[in-house]
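Chemist: Got a predicted model here, sequence first, then my questions.
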Amino acid sequence: MCSAQQTATVTALFPVRALLLSTPDPQDVPMFCDFIRDALPKEGVNTLVMRINYKYQFESRPELAVHNALSKENLKKILKACKDAGVRFIPKMNLLGHQSDDVTILPLLKNYPQLDEAPHLNPPVPWIPVNTMFDFYSKSVCPRHPDLFKIIFPAIDELIDVCGADAFHAGLDEVWIIADEKCPRCGGADKAEIFAAYVTALNNHLREKGCEMWMWSDRLIDGKTTNLQAWQASMNNTHKAIDIIPKDIMICDWKYEDAAPTPAYFAIKGFNVLACPSNKAAVGLAQLEMVNAIRKNGNRADFSKTISNRMQGMFHTMWGNSRDFILAYYGKGPDKDGTVDTFKKLFSEIRKLKK
Ligand SMILES: [Zn+2]
């Protein structure tokens with residue numbers, strides 16, 4: 001990019017204007033593709049992250065596919081829609097925590113129970129999703145298990161290859177179970193070191209595949225000092241990993257209650273970072289204001305190297321069903337939690353940055 005163009009991007013749109021959507025059921029793929037082609041260019045979204053997890057018919061690991069998993073043909077339809085819309089597509093899988101939901105153990109641990117970090121902790125008990133509960137919420141894999149990479153890398157590589165992806169979102173949020181004292185490999189070890197070693201190994205693999213790694217921010221923030229507590233930050237001492245992991249990872253800093261200044265923290269530490277709202281428009285707009293203020297105040301003569309330029313943009317995160325989101329977007333269904341309202345207001349303001 002020439003310097004004139006580089007200067008122009010300082011005041012123009014953010015480099016990353018992303019949206020997170022869930023993987024549609026097979027019958028909703030046409031609607032999903034229409035939405036990509038119609039709405040995303042209009043809104044100014046240039047990156048779609050799709051929560052695939054186990055909702056894909058892996059050829060390398062067919063046992064990992066859940067009910068209603070997407071076929072390769074349907075995934076290719078979505079990729080074609082993204083190409084038509086000029087939207088970058090990034091696949092996402094949860095590669096550490098979130099291996100169970102409130103009642104079910106998900107396919108990775110169901111098929112490979114030896115990877116379970118804590119076989120003695122099982123849903124539905126304890127499932128206490130409140131801020132005071134720091135120890136358990138969903139199951140995790142053991143990052144030190146010798147079989148882990150042999151099992152997950154083929155599935156990751158397959159998604160990267162099918163998608164032609166240049167980035168991969170590895171999840172890594174809300175890891176309640178890590179270095180469990182009963183794990184024969186991790187018990188007694190430092191949680192931050194275990195987390196950092198795993199992040200580093202994943203990043204090394206993704207870099208070899210030509211992919212930038214994206215991950216959620218929460219395990220890297222000290223929930224006690226910041227008082228951000230146990231969900232959007234870490235109460236189990238993983239936060240020191242921020243100084244150990246590679247800096248070439250895109251940090252997705254989700255904050256849904258208020259616009260905490262944590263994106264700047266990651267930028268100062270040397271990471272590229274995205275501010276991520278969800279269902280409160282006022283929070284999303286405050287984050288946008290913060291990101292924009294920091295970008296505007298960068299040293300424009302050499303902007304690409306500044307802390308300001310590490311504030312790469314905004315990433316709207318939607319955690320419901322994509323069908324409901326799309327129906328609500330077109331006014332054909334209720335916006336139950338305000339995520340569509342947040343998305344529309346956020347991107348309406350982002351588009352004004354063009355001027
Ligand atoms: Zn372990």
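Modeler: Right, received. Where do you want to start? Everything numeric in this text was worked out from a predicted model, so none of it was measured. Numbering: from 1, shown residues only.
Chemist: all contacts plus neighbour counts: C-alpha atoms, from now on.
Modeler: OK.
Chemist: what ranges do the strands span in this protein?
Modeler: Using DSSP state E, the strands of the chain run over 16-22, 47-51, 88-92, 167-169, 212-216, 249-254, 272-276, 311-317.
Chemist: who in the stretch 101-250 of the chain is up against the ion?
Modeler: The stretch 101-250 of the chain comes close to the ion at residues 117, 142, 183, 185-186, as judged by Cα under 5 Å from the ion.
Chemist: By proximity to the ion, which residue of the stretch 151-300 of the chain wins?
Modeler: Closest contact between the stretch 151-300 of the chain and the ion, by Cα to the ion, is at Cys186 (4.1 Å).
Chemist: Can you give me the neighbour number for that residue?
Modeler: Using other Cα atoms under 10 Å, Cys186 has 19 other residues around it.
Chemist: Verify the stated contact: it with Ile177.
Modeler: No: with contact defined as Cα atoms under 8 Å, Cys186 and Ile177 do not form a contacting pair (10.9 Å).
Chemist: so where's the stretch 101-250 of the chain shaky on pLDDT?
Modeler: By pLDDT under 70, the low-scoring segments of the stretch 101-250 of the chain are 124-136.
Chemist: ignore the last one, the stretch 251-355 of the chain
Modeler: In the stretch 251-355 of the chain, residues with pLDDT under 70: 354-355.
Chemist: And the helices in it, which stretches?
Modeler: Listed in chain order, the helices of the stretch 251-355 of the chain (DSSP state H, counting those that start in this stretch) span 262-269, 281-296, 307-310, 322-329, 339-352.
Chemist: Who are the packing partners of the longest helix seen in the chain?
Modeler: Identified as the longest helix of the chain according to DSSP state H is helix 191-208. Under the contact criterion of 3 or more Cα pairs under 8 Å, 6 or more residues apart in numbering; DSSP states H and E, helix 191-208 touches strand 212-216.
Chemist: what's near enough to touch His98?
Modeler: 138-140, 173-175 (Cα atoms under 8 Å, 6 or more residues apart in numbering).
Chemist: now Cys163
Modeler: Cys163 neighbours (Cα under 8 Å, 6+ apart): 75-76, 79, 89-91.
Chemist: ditto for Ala179
Modeler: Taking Cα under 8 Å, 6+ apart, one finds 117, 142, 186-191, 194 in contact with Ala179.
Chemist: any idea how far it lies from Ser22?
Modeler: Ala179 sits 30 Å away from Ser22, going by Cα to Cα, to the nearest Å.
Chemist: Once you drop chain neighbours, what's closest to Leu148?
Modeler: Using Cα to Cα, 6 or more residues apart in numbering and skipping residues adjacent in sequence, the residue nearest Leu148 is Leu115, 6.6 Å away.
Chemist: burial measure for that neighbour, as a count.
Modeler: Other residues near Leu115 number 21, with proximity taken as other Cα under 10 Å.
Chemist: Now for it: which residues touch it?
Modeler: 109, 141-142, 145, 147-148.
Chemist: quick one: which of those residues is nearest to Val16?
Modeler: In terms of Cα to Cα, no member of the contacts of Leu115 lies closer to Val16 than Val141, at 30.6 Å.
Chemist: The closest one contacts Gln99, correct?
Modeler: Yes: contact criterion Cα under 8 Å: Val141 and Gln99 qualify, at 7.2 Å.
Chemist: So between the two, which is more surrounded?
Modeler: Using other Cα under 10 Å as the criterion, Val141 and Gln99 rank with Val141 on top: 25 against 22.
Chemist: any idea how far the more buried one lies from Pro261?
Modeler: The spacing between Val141 and Pro261, counted by Cα to Cα, is 31 Å.
Chemist: Lys255 now?
Modeler: 10 Å.
Chemist: Looking at the two, which is more packed in?
Modeler: Taking other Cα under 10 Å, Lys255 and Pro261 do not tie; Lys255 has more neighbours (24 against 13).
Chemist: Closest to Pro30 out of the contacts of Ala179?
Modeler: Nearest to Pro30 among the contacts of Ala179 is Cys142, at 38.0 Å by Cα to Cα.
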